[in-house]
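Asks: Return atomic coordinates for the entry below.
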Amino acid sequence: MKILVICDAGVSVPPTTYGGTERAADLLCRGLASRGHQVDLIAGSGSWSYGGKLFLHKPPTTSRVSRAYRKIRFQLLALKAARSSDVVICFGRTDYLWALYATKLPLIIRFGNLVDQSTIDQIANYRKDRIALVGVSHNQMQNLQSEIPVHVIHNAIDPKQYSFHSEASSPPYLAFLGRLTRNKGIDLAIEAATRIGMPLRIAGNVPDSEPGAREFFESEVEPRLGGDIEWIGPVGDKTKNELLGGATALLFPIQWPEPFANVIVESLACGCPVIGWNHGCVPEAITHGRTGYVVNSMPELLQAVLRAKNLDRQQCRDEVKHRFSSENLVDQSVELMDGLIRCPLIPGKQLAL
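Replies: Okay, the predicted model is just below:
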């Protein structure tokens, strides 16, 4: 197949630091190319080629003129890139796709973030045939009403990129990896570690672009750092492996419906169980009592920390290989693409490329 993959311009594919959606796109492109498919990519500056053509585009500034210009220019770029494609997979903004909606090309739209009903309705107004919507968790898509078929394909990782640790480090410690914000629950992670009397190693950044994040950090996180509560800042892959592999458990007390958390899967791949708050993707990503615990309160979280050391770390690793490997991502995506390509066209006006 000739496949066009589209990503937003703000983060390169693969990303150099954070970028869960772009990491998923990178894994899919790699996997498809390794199976002999031609993969063309539209993505931001710094992106790689996966053997096919690479089309770079730029994000707009905050001005209306810039946004309008970039959106119009993208239509021309997308039509040019899609001219010889069999199918298009979009990881990016759906409001940039109106030129492709008008074509007869099979189209897959993958949502990495929260989705609202108005977005689904807008897509359906453009196109209803030879199109599929893909969520990264059932929780993300469960309350949406759609005339278009909805599928769930979880995000994935390449297990070979993560070092398995059959035992936690001694002396033991807990880990937290993510943005240091209220919705990520860093304050709850600190409280739990302090109450249980275990060191906590924190990796992540303070996102100054997120409203209220700096104020929250300075008032509720920074004063509690020091001693057994250590903040090591943003980390690369090597340090991440070491941090997760040595931890007794990863604390993931999110306070929002996160669609999918790559960090859960990354932790399990290293052999580290995860204790997650019962929001969003957590019950789907963690097998309660096997690869970690899903909790609803601080007392439950504290009990889970005490029990985590008894979990089989090999089972955590095996769960990733079985459910969240890059092979699964590619297999399910190819099956979906094959089905769309075989779908007959609904009669009507469409732009032939």
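
Asks: how about the helices of the stretch 1-150 of the chain, start to end?
Replies: For the stretch 1-150 of the chain, applying DSSP state H, counting those that start in this stretch gives helices covering 20-34, 64-82, 98-101, 117-126, 138-141.

Asks: Output the ones you listed as TSV; include the columns mean neighbour count.
Replies: All C-beta atoms are positioned from the backbone trio N, CA, C, and that covers glycine. Listed next are these as TSV, based on neighbours: other Cβ atoms under 10 Å:
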stretch	mean neighbour count
helix 20-34	22
helix 64-82	15
helix 98-101	18
helix 117-126	14
helix 138-141	18
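
Asks: Turn the ones you listed into CSV, columns for distance to residue 226.
Replies: Formatted as CSV, the helices of the stretch 1-150 of the chain follow (distance: least, Cβ to Cβ, whole Å):
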stretch, distance to residue 226
helix 20-34, 30
helix 64-82, 44
helix 98-101, 53
helix 117-126, 44
helix 138-141, 36
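
Asks: quick one: low-confidence ranges for the stretch 251-353 of the chain?
Replies: Low-confidence segments of the stretch 251-353 of the chain (pLDDT under 70): 344-353.

Asks: if you set the cut-off to 80 instead, what comes out?
Replies: 343-353 (pLDDT under 80).

Asks: Helices of that one, residue ranges please.
Replies: Going by DSSP H, counting those that start in this stretch, the stretch 251-353 of the chain shows helices at 262-269, 282-285, 298-308, 313-323, 326-342.

Asks: For residue 40, find the nearest of these.
Replies: Using Cβ to Cβ as the measure, helix 326-342 is the one of the helices of the stretch 251-353 of the chain that comes nearest residue 40, at 14.0 Å.

Asks: and among the helices of the stretch 251-353 of the chain, the most buried is which?
Replies: helix 262-269 (a mean of 26; mean count of other Cβ atoms under 10 Å).

Asks: Quick one: residues in contact with it.
Replies: Contacts with helix 262-269, where a contact means Cβ atoms under 8 Å, 6 or more residues apart in numbering, come from 20, 23, 155-157, 159, 162, 164, 175, 177-178, 240, 244, 247, 250, 252, 273-274, 276, 281-282, 285-286, 291-292, 316-317, 319-320, 324.

Asks: can you redo the helices of the stretch 251-353 of the chain as a markdown table with distance to residue 104?
Replies: Listed next are these as a markdown table, based on distance: least, Cβ to Cβ, whole Å:
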| stretch | distance to residue 104 |
| --- | --- |
| helix 262-269 | 34 |
| helix 282-285 | 35 |
| helix 298-308 | 52 |
| helix 313-323 | 35 |
| helix 326-342 | 11 |
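
Asks: looking at those helices, which is closest to residue 193?
Replies: helix 298-308 (8.2 Å).

Asks: Just the CA coordinates for the closest one, please, in CSV.
Replies: Output of helix 298-308 as CSV, limited to C-alpha atoms (Å, rounded to 0.1, in the frame of the first residue of the first chain):
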residue,chain,number,x,y,z
MET,A,298,-5.6,8.1,49.1
PRO,A,299,-6.1,5.1,51.6
GLU,A,300,-6.4,2.8,48.6
LEU,A,301,-3.3,4.3,47.1
LEU,A,302,-1.3,3.8,50.3
GLN,A,303,-2.4,0.2,50.5
ALA,A,304,-1.4,-0.4,46.9
VAL,A,305,2.1,0.9,47.5
LEU,A,306,2.6,-1.6,50.3
ARG,A,307,1.3,-4.4,48.0
ALA,A,308,3.2,-3.4,44.8
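
Asks: if I look at the residue nearest to residue 252 when sequence neighbours are not counted, how far off is residue 56?
Replies: Leaving aside its chain neighbours, residue 252 sits nearest to residue 276 (4.1 Å; criterion: Cβ to Cβ, 6 or more residues apart in numbering). As judged by Cβ to Cβ, to the nearest Å, residue 276 and residue 56 stand 37 Å apart.

Asks: Next: residue 19.
Replies: 16 Å.

Asks: Secondary structure element holding the nearest residue to residue 230 once chain neighbours are set aside?
Replies: Once flanking residues are discounted, residue 230 sits nearest to residue 201: 5.2 Å by Cβ to Cβ, 6+ apart. If you go by DSSP states H and E, residue 201 is part of strand 200-203.

Asks: following that strand, which helix or strand shows up next?
Replies: By DSSP H and E, the next helix or strand past strand 200-203 is helix 213-216.

Asks: what sits up against that next one?
Replies: The contact list for helix 213-216 (Cβ under 8 Å, 6+ apart) reads 179-182, 206-208.

Asks: biggest separation within those residues, which pair?
Replies: Maximum distance among these (Cβ to Cβ): 14.9 Å, for 182 and 208.

Asks: okay, those two: which has more neighbours?
Replies: residue 182 (18 against 9; other Cβ atoms under 10 Å).

Asks: Tell me how far that one lies from residue 297.
Replies: Distance of residue 182 to residue 297, given as Cβ to Cβ: 17 Å.

Asks: How about residue 79?
Replies: Relative to residue 297, and taking Cβ to Cβ, residue 79 is found at 53 Å.
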